[in-house]
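Undergrad: how does the following fold in three dimensions:
(one chain, ligands or ions: 1)
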Amino acid sequence: MESDKSNGECHDIVNWFEDVAENAGAVQTRTLRRILELNSGAEYLKKWFGGMAIEELDESALESLYTSLVPLASHADLEPCIQRIANGDKSPLLTQQPITTLSLSSGTTEGRQKYVPFTHHSSNTTLQIFRLAAAYRSRVYPIREGGRILEFIYSSKQFKTKGGLTAGTATTHYFASEEFKIKQEKTKSFTCSPEEVISSGDYKQSTYCHLLLGLFFSDQVEFVTSTFAYSIVQAFRSFEELWKEICNDIRQGTLSPKITLPKMRKSVLDIITPNPCLASRIEDCCEELKDLDWFGLVPKLWPNVKYVYSIMTGSMQPYLKKLRHYALNLPLVSADYGSTEGWIGVNVDPSSPPENVTFAVVPTFSYFEFIPLHRQRQEYCLNSATDDYLEDEPVPLSQVKVGQEYEIVLTTFTGLYRYRLGDVVEVADFYKGTPKLNFICRRKLILTVNIDKNTEKDLQFVVERGSQILSKARGELVDFTSHADIEKQPGHYIIYWEIKGEVEERVLSECCREMDASFVDQGYIVSRRTNSVGPLELCILERGTFKKILEYYIGNGAAMSQFKTPRCTNNQVLLRILNVCTIKRFHSTAYG
Ligand code: AMP
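TA: Next up, the predicted model:
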């Protein structure tokens, strides 16, 4: 009966999505109209619309009028308004209804955390996309009704702005929202961990308890998940160190003294009971797994798990290899595409490998525009000191073309108008009438010294090439970052690697040379030939350096659930950590 009901719910939400996807163009026009009607009194909109009565405008005229009157905006353009809101100004600045909550969008990719409005609409769309994605997943990988999920999710602390608004990361707001409670209640303790573990604010203690409870309920766990793949890899790396202590707790029904937070201790101790039989089984598995470098850890310890589910695209791609190592032959299902500013697309093909995953835009969530981007030809490229793309005028969702790259622009229910998200996507295909997007990268250049221009994706490609040599020598790349050093002339790139395993210096030197030779950006190639960019430097870091970096970010308010290792940094504190922890340096020699 329960199962029929949930099958019915899945069917309904899929039908709903297929209908809006089929009519995506018209749905977008209606979505824009609703956003503008709801917020017609907002100061920001009035500034551009003057005295025009938005609600009286004809639907077809509204779209072109809106895009001709309201300019494209970056976060910096909206910052004065957002700052006034943070300081307690309750007048309708961006939205008609006062904004009471602000989210912090990731400072880990942009270097600095930015406030963006968070409303009831934000948690509602989160709940909606989670349900939609779950419905598509359940068609391919059905899970047992009443089973559990091992979720590595973490809230960070909410705090008050100067004006008394609640601020925190979007995931934190969602975990604290009514919508999340509804999801938890409807699915009856589906997550292994209680709320006290998710919201403890101490990611190390939470990870321990997530693992302990995940193992305590191991036979019931149907899938393993986190927001970004990084958290799963991080949790299992910790497990390699913690397993004996966790087994001990399972055997005796106790909780390690490491867990000091009283509420979390109580909530976990209320759940677990001594289970010597389970503890012995897990210990036997771990003894075997240890000798296999923990290869196949997930299916071995969680025999009923059907898949691993998380965002595995973009900056998470470097963790795929390690995830596959742990997951063995279990499917890796790549989760949906969104940002603190708003959700964008859902993965409607859960069986496609993470490398090929695309996201079908949900046309009711926001009004989407797409700025066509064209990679410049080399001669133009060499003249431009800033960006690698030429832009055309933004087009609406109904006019995007397969194979074309775009930057996404959002108009949201939360008060962002023609907001440039800074992500580059490619239209891979259509699902009914809505585009399926392939995430390419953040638009921002991360490595540039001179006329050379490299994005995160370019760096990822180069590191992948270098790490293939490392893998052949049985080394493992734990994580990486980079810095464009322009202190001395000529400037040069430094790539920092934390590695696992004993690897000869000769091999690392070869990795360095290979990475230098693998940049395909013409600006870099020409600059290296003329020595206006110096030889690439590879710094090998001591073990645990990236953990220190994570802790530095968490200490500064970043949330474990949304953490993305910065792939390039100019942050002085971080550079100090990296330099202090460097144990070996290599410089690439001969070039091209
Ligand atoms: P945040 O500011 O922490 O909300 O991070 C949002 C950013 O994370 C997006 O703008 C993307 O750059 C990236 N992101 C989110 N979802 C995905 C995904 N499924 N694939 C790749 N990148 C993603």
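Undergrad: flag the shaky bits of the chain, pLDDT-wise.
TA: Per-residue confidence of the chain (counting by pLDDT under 70) places the weak regions at 1-6, 106-112, 184-189, 376-388, 592.
Undergrad: residue contacts, the spatially most central residue of it?
TA: With distances taken as Cα atoms, centre = their mean, F228 lies nearest the centre of the chain, 5.0 Å away. Each residue near F228 by Cβ atoms under 8 Å, 6 or more residues apart in numbering is listed here: 310-311, 316, 561-564. For glycine as for every other residue, the C-beta is placed from the backbone atoms N, C-alpha and C.
Undergrad: do that again at 6 Å, thanks
TA: 311, 316 (Cβ atoms under 6 Å, 6 or more residues apart in numbering).
Undergrad: bridging residues for it?
TA: According to DSSP bridges, the residues that bridge with F228 are I311.
Undergrad: how close does it get to L102?
TA: With distances taken as Cβ to Cβ, to the nearest Å, F228 is found 21 Å from L102.
Undergrad: quickly list the domain ranges of the chain.
TA: The record's domain parsing of the chain by automatic domain parsing lists 142-330, 456-587.
Undergrad: to S122, which of those domains lies closest?
TA: Comparison of the domains of the chain against S122 by Cβ to Cβ identifies domain 142-330 as nearest, at 6.6 Å.
Undergrad: check whether that closest one contacts the ligand.
TA: Yes: looking at domain 142-330 against the ligand by Cβ under 6 Å from any ligand atom, the contacts come from 311, 313-314.
Undergrad: list the buried ones in the strand or helix carrying V427?
TA: Secondary-structure assignment from DSSP states H and E places V427 in strand 419-431. Burial within strand 419-431, assessed by neighbour count using 16 or more other Cβ atoms under 10 Å, is assigned to 419-428, 431.
Undergrad: which among those are in contact with the ligand?
TA: Applying Cβ under 6 Å from any ligand atom, the subset of the buried residues of strand 419-431 adjacent to the ligand comprises 421, 423.
Undergrad: mind listing what the residue of the stretch 401-550 of the chain found nearest the ligand touches?
TA: Closest residue of the stretch 401-550 of the chain to the ligand, Cβ to the nearest ligand atom: F439 (4.0 Å). By Cβ under 6 Å, 6+ apart, the contact list for F439 reads 313-314, 425.
Undergrad: in which helix or strand does it reside?
TA: In this structure, F439 sits in strand 434-442 according to DSSP H and E.
Undergrad: just give me how far the helix or strand following that strand sits from the chain centre.
TA: Counting by DSSP H and E, the element after strand 434-442 in chain order, helix or strand, is helix 456-472. A distance of 20 Å separates the centroid of the chain from that of helix 456-472, by Cα atoms, centre = their mean, to the nearest Å.
Undergrad: hmm, who's touching the helix or strand just after helix 456-472?
TA: Next in sequence after helix 456-472, counting helices and strands by DSSP H and E, comes strand 476-485. For strand 476-485, the surrounding residues in contact (Cβ under 6 Å, 6+ apart) are 447, 449, 459, 463, 467, 470, 492-501, 546, 565-569.
Undergrad: so which of those are in strands?
TA: Within the contacts of strand 476-485, membership in strands is found for 492-500, as judged by DSSP state E.
Undergrad: tell me the buried residues within those.
TA: Buried members of these, counted by 16+ other Cβ under 10 Å: 492-499.
Undergrad: can I get these in JSON lines including distance to E369?
TA: JSON lines is the format used below for these (distance: Cβ to Cβ, whole Å):
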{"residue": "H492", "distance to E369": "38"}
{"residue": "Y493", "distance to E369": "34"}
{"residue": "I494", "distance to E369": "37"}
{"residue": "I495", "distance to E369": "36"}
{"residue": "Y496", "distance to E369": "37"}
{"residue": "W497", "distance to E369": "39"}
{"residue": "E498", "distance to E369": "40"}
{"residue": "I499", "distance to E369": "43"}
